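Asker: Output the structure for:
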Amino acid sequence: MDLSPDFLAQCFVNTFSAVREPRKAAEDRLAAAADAPNFALAVLNLVGTPTFDEQIRHAAAVNFKNYLRQRWAPAQDSEFNPIPDDEKNQIKTLIVSLMLSSSPRIQSQLSEALSLIGKHDFPKTWPSLLPELIQSLQAASQSNNYATINGILGTANSIFKKFRYQYKSNDLFIDLKYCLDQFAAPLLEIFRITAALIDSAVRSGAVSFEALKPLFESQRLCCRIFYSLNFQELPEFFEDHMNEWMTEFKKYLTSSYPALDNSGPGLAVADDLRSAVCENISLYMEKNEEEFQPYLNDFALAVWTLLVNVSQNPARDKLAITAIKFLTTVSTSVHHGLFGEDSVILQICQNIVVPNVRLRDDDEELFVMNYIEYIRRDMEGSDLDTRRRIACELLKGIATNYKKQVTAIASAQIQNLLSSNVNNLAVNWKDKDCAIYLVVSLASKKSGGVDVSTDIVDVQSFFTSVIVPELQSQDVNAYSMLKAGALKFFTVFRNQIPKHLAIHLLPDLARFLEAESNVVHSYAASCIEKLLLVKDDRARARYNAADLGPFILVLMNNLFNALKLPESEENQYIMKCIMRVIGVAEINAAIADPCCIGLTTILNQVCKNPKNPIFNHYLFESVAILVRRACERDISLIPAFEARLFPSLQMILANDVTEFLPYAFQLLAQLVELNRPPISPSYMQIFMLLLSPESWNRNSNVPALVRLLQAFLQKAPHELHQEGRLSQVLGIFERLVSSPSTEEQGFHLLNTVIENLEFPVIAPYMGHIWAALFTRLKKKETTKFIKSLLIFMSLFLIKHGPGNLIDTMNSVQANIFTAILDKFWIPKLKLITGHIEVKLVAVASCKLICESPVLAEPAAASKWGKMLDSIVTLLSKPEEHRVEEEPEMPDVAENVGYTATFVNLYNAGKKEDDPLKDIKDPKQFLVASLSSLSVTSPGRFPQLINENLDLANQTALMQLCSTYNCPVV
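Answerer: The predicted model follows:
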């Protein structure tokens, strides 16, 4: 294989081609060459050959970096061959010097490549890296070569980042100590040298942005390395030299640098360093509070002064946020007294909180241009790193110790903001928005609940005087951000708004669904949806169908129309609201038909290109709850729903819309379950499709397919007699039960067969079924499989009797029932969980000891006693005291690669069947059965109980006998 620089250079040149053929040919040649020995070295050699054009060398550097990412330490199942150790060693010998001598663009790529190597090899198998970097750093510092210095510091920053996020361990601290011993002193030395150069340049007055930029970048990198090396704990070297670090840190927060501060790019450079300093002092405040205490007052004053003077320019957001975070950390520490004076809290409110909470131009732009991101930040709480949220967090931090003062001062500030816009809303509407935002953001959420409370304002009074006028405004498009804030307030404090007032405002909320602003109609939909979830004191829904009745048609019409507004075609908040309204409202034919038309129209559209999984999920949930609530109320609607839905579902199946197949199968199962026999030919075509082995190839479809097949088995069990269909169903069961990832679904299918078919029908197949189960059990005994097996055997016994259970099992292998009883049934019975499951296996086990002649024989007395002991354990001990399940290791081979995920449709959920509806209390059934049995042999069973049950279970059993007046004689 030709790996000459000329050959590789021509390949990289052709990868730039706008014509597909030469570009594809070059990519194929590079892919083929990548498997050749020393390919990485050849590409690195090209990167380091200055005679080639920089664009070619840059492309080669990118290729080299990506090659290392794939092959330096590939996963065991990777398709890529690892780089041989000899070639790795040569790369490690060359890369540092080559990186430092390259242009900035190429240096950046090689630095990333070096970091990739360091992630796996440093320091254990690359002990020469740090000494080489330090030697180069010292050489570069002597000549003030800051291009090289910053390249080295950038690389060191990358390889030291692991100390920030890896869990504490001996290996981590060994690596950290090695890095500290090697790099702490050189880091401080270059930090000092650079600080002196900055001071000298500033004093001279003749300094330019170009001269200061690399120096400030160097100090920023030093700060980031400082952060990494100090993250785990305070190192001795840094404690000894804390004064030197802190002196410089304070200087960067308190000094101005006109050459930088007076220009946009320069200000960004200076603020990046200041932000890094703020992060370092926040780290020390959090983790080394005692050692940092002598410097605290000076830094608090420096950060305060800095914040007051930081403009609202978005470019300064990072500095403002990191500075406020530092003050917030101080406010919740033992040094909170710095914020205890009323005058201090007032200044914080006036000079820091309110200015940072007020809407800015970029907030308005985001509101209009990217409503999804705006909502994500504003409503969903991902705005912790925005000025608005972090400023409120500072005030909440101070309120931790000074709640009364904060409440009084914040309340006064809010009233001032509200009074400023009374006479001139057009000019001062942002003041009102600021007041609303402060009330919402400073509210506290009760632990473990959804109730939100605040002492800053009287919620109902504030709602009536400030929020209601905005909600009743006739122009839904005026002051959209203010309207959004009012809707958010209503949503957040919904539990505290009286029902009569909320109902009075519901038509206004429906009106806001017509607003042009995506945020406003999204917030209106979210508010309606959340209101319908509110519970009263007795956990009953506060709002019901009668409350929605007077305007349900208008509400549904506006919701569906909102989905036609620009950029809201797949608005998840609107679709979730549709789902919630359908779940609460009275669904008659007048509502059901337009809703079905609207939902199927949307479904047909999204089938063409599924993009938003959350929207799609709520869409299918909406269909499911519409079908359930409409058809359960009026089964005559089922044909109309089938006529509307079948074309959409058939389109999903025909076009193999992978993302929607599990949803389609669940909806079909729901429709089958609602039908009355005989099942129509349309469904039977789908039933035949289910029996095809190809339908079961995707694991993501299996739960939904099983659910659909169960529905057919329950509604049309007689169809299994025809054309060998039962054999096909059992073939599917055997396939599912053979794999740990689908075994549970296999049991669901088998249990449905046992429950719905008579014993003469299944008897010829039982030998095959038991053989499949025993083969799987022998292959791998997992707790999940054993529990499923016990439930299946119990169901079989309940349906077809203990005799048929024992005989069919023993027909596969002599006395295997006894072996299963001893090894699994008796010792593992206590692992069963779930109300219906516990009742099933308890009653089945009771029938086994009370009705089966096998356990009635004197030779089986010990087994009888042990089984009773397990039954009493199951019924008398709490689940947490008897179940000690270990998490089972997933089968890695089955999880390789991407597959679509099964998502359960809550509103199409299968109702859990109880095969023992007539037995309400398994404890009473147990003692009643034992009492009846004991009458046949008086004196025998009390002795067996004393000999085989532990003392706790004997006591528990006697208590049950006494409670239900069923003595064992």
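Asker: Just the element for L153, please.
Answerer: Using DSSP states H and E, L153 maps to helix 146-160.
Asker: What average pLDDT does that helix get?
Answerer: Averaged across helix 146-160, the pLDDT comes to 94.
Asker: Okay, buried residues for the next helix or strand after that helix please.
Answerer: Downstream of helix 146-160, the first helix or strand assigned by DSSP H and E is helix 162-165. Buried positions in helix 162-165, judged by neighbour count with 16 or more other C-beta atoms under 10 Å: K162, F163. (Glycine included, C-beta is placed from N, CA and C.)
Asker: next SSE after helix 162-165?
Answerer: Following helix 162-165 toward the C-terminus (DSSP H and E): helix 170-204.
Asker: chain center to the helix holding L153, what's the gap?
Answerer: Put simply, helix 146-160 sits 35 Å off its chain's centre (C-alpha atoms, centre = their mean, to the nearest Å).
Asker: elements contacting it?
Answerer: Using 3 or more C-beta pairs under 8 Å, 6 or more residues apart in numbering; DSSP states H and E, the elements in contact with helix 146-160 are helix 85-100, helix 104-121, helix 129-142, helix 170-204, helix 209-230.
Asker: Columns mean neighbour count and mean pLDDT on top of the ones you listed, output as CSV?
Answerer: Output for these, formatted as CSV (neighbours: other C-beta atoms under 10 Å; pLDDT from 0 to 100):
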stretch, mean neighbour count, mean pLDDT
helix 85-100, 17, 94
helix 104-121, 19, 93
helix 129-142, 17, 96
helix 170-204, 16, 95
helix 209-230, 21, 96
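Asker: would a markdown table of these with distance to D431 be doable?
Answerer: Shown next, in a markdown table, are those (distance: least, C-beta to C-beta, whole Å):
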| stretch | distance to D431 |
| --- | --- |
| helix 85-100 | 54 |
| helix 104-121 | 46 |
| helix 129-142 | 53 |
| helix 170-204 | 40 |
| helix 209-230 | 37 |
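Asker: and of these, who's closest to N66?
Answerer: N66 lies closest to helix 104-121 among those, at 9.0 Å (C-beta to C-beta).
Asker: Can you identify each of the helices in the stretch 301-450 of the chain by residue range?
Answerer: Along the stretch 301-450 of the chain, the segments classed as helices by DSSP state H, counting those that start in this stretch run 317-331, 342-348, 354-357, 361-369, 371-378, 387-399, 403-420, 425-441.
Asker: about what we covered before: could you check the angle the helix holding L153 makes with helix 104-121?
Answerer: Taking axes from the mean of the first three to the mean of the last three C-alpha atoms, to 10 degrees, one finds helix 146-160 and helix 104-121 inclined to each other by 30 degrees.
Asker: Can you give me the buried ones in helix 146-160?
Answerer: By 16+ other C-beta under 10 Å, the buried positions in helix 146-160 come out as 146, 148-160.
Asker: Kindly reformat the helices of the stretch 301-450 of the chain as a markdown table containing distance to K778, mean pLDDT and mean neighbour count.
Answerer: Putting the helices of the stretch 301-450 of the chain into a markdown table (distance: least, C-beta to C-beta, whole Å; pLDDT from 0 to 100; neighbours: other C-beta atoms under 10 Å) gives the following:
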| stretch | distance to K778 | mean pLDDT | mean neighbour count |
| --- | --- | --- | --- |
| helix 317-331 | 59 | 95 | 23 |
| helix 342-348 | 71 | 94 | 16 |
| helix 354-357 | 67 | 94 | 22 |
| helix 361-369 | 61 | 94 | 14 |
| helix 371-378 | 52 | 92 | 19 |
| helix 387-399 | 58 | 93 | 23 |
| helix 403-420 | 66 | 94 | 18 |
| helix 425-441 | 61 | 91 | 20 |
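Asker: Please tabulate those helices in TSV, including the columns distance to L253.
Answerer: Formatted as TSV, the helices of the stretch 301-450 of the chain follow (distance: least, C-beta to C-beta, whole Å):
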stretch	distance to L253
helix 317-331	8
helix 342-348	18
helix 354-357	18
helix 361-369	25
helix 371-378	28
helix 387-399	17
helix 403-420	26
helix 425-441	27
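Asker: and S794, which of these is closest to it?
Answerer: helix 371-378 (48.8 Å).
Asker: Show which residues not belonging to the closest one make contact with it.
Answerer: Contacts to helix 371-378, defined as C-beta atoms under 8 Å, 6 or more residues apart in numbering, come from residues 363, 366-367, 382-383, 386, 389, 484, 488, 517-519, 522-523, 567, 573.
Asker: Run the angle between it and helix 425-441 for me.
Answerer: Using the same axes, to 10 degrees: helix 371-378 against helix 425-441 is 50 degrees.
Asker: quick one: helix 371-378 to chain centroid distance?
Answerer: Going by C-alpha atoms, centre = their mean, the spacing between the C-alpha centre of helix 371-378 and its chain's C-alpha centre is 18 Å.
Asker: Restricting to C-alpha, output it in CSV.
Answerer: The C-alpha trace of helix 371-378 is given here as CSV (Å, rounded to 0.1, in the frame of the first residue of the first chain):
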residue,chain,number,x,y,z
TYR,A,371,-39.5,29.4,21.3
ILE,A,372,-38.5,25.8,22.2
GLU,A,373,-35.2,27.0,23.7
TYR,A,374,-37.0,29.8,25.5
ILE,A,375,-39.5,27.5,27.1
ARG,A,376,-36.8,25.0,28.0
ARG,A,377,-35.0,27.7,29.9
ASP,A,378,-38.0,29.6,31.3
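Asker: In contact with the nearest residue to A860 once chain neighbours are set aside, which residues?
Answerer: Of all residues not flanking A860 in the chain, V854 sits nearest, at 6.4 Å (C-beta to C-beta, 6 or more residues apart in numbering). Going by C-beta under 8 Å, 6+ apart, V854 touches P802, I806, F817, T818, A860.
Asker: can you tell me which residues contact Y573?
Answerer: Going by C-beta under 8 Å, 6+ apart, the list of residues near Y573 reads I375, S522, Y523, A525, S526, E529.
Asker: what about it, which helix or strand?
Answerer: Following DSSP H and E, one finds Y573 within helix 572-584.
Asker: so where do the helices sit in the stretch 601-750 of the chain?
Answerer: Counting by DSSP H, counting those that start in this stretch, the helices of the stretch 601-750 of the chain are 613-633, 638-654, 661-674, 681-690, 702-715, 725-737, 743-756.
Asker: So what's the residue count around the nearest residue to F665 once chain neighbours are set aside?
Answerer: Among residues not flanking F665 along the chain, A704 sits closest, at 3.6 Å (C-beta to C-beta, 6+ apart). Applying other C-beta atoms under 10 Å, we find 24 residues neighbouring A704.
Asker: Show the pLDDT at A704.
Answerer: What the model reports for A704 is a pLDDT of 92.
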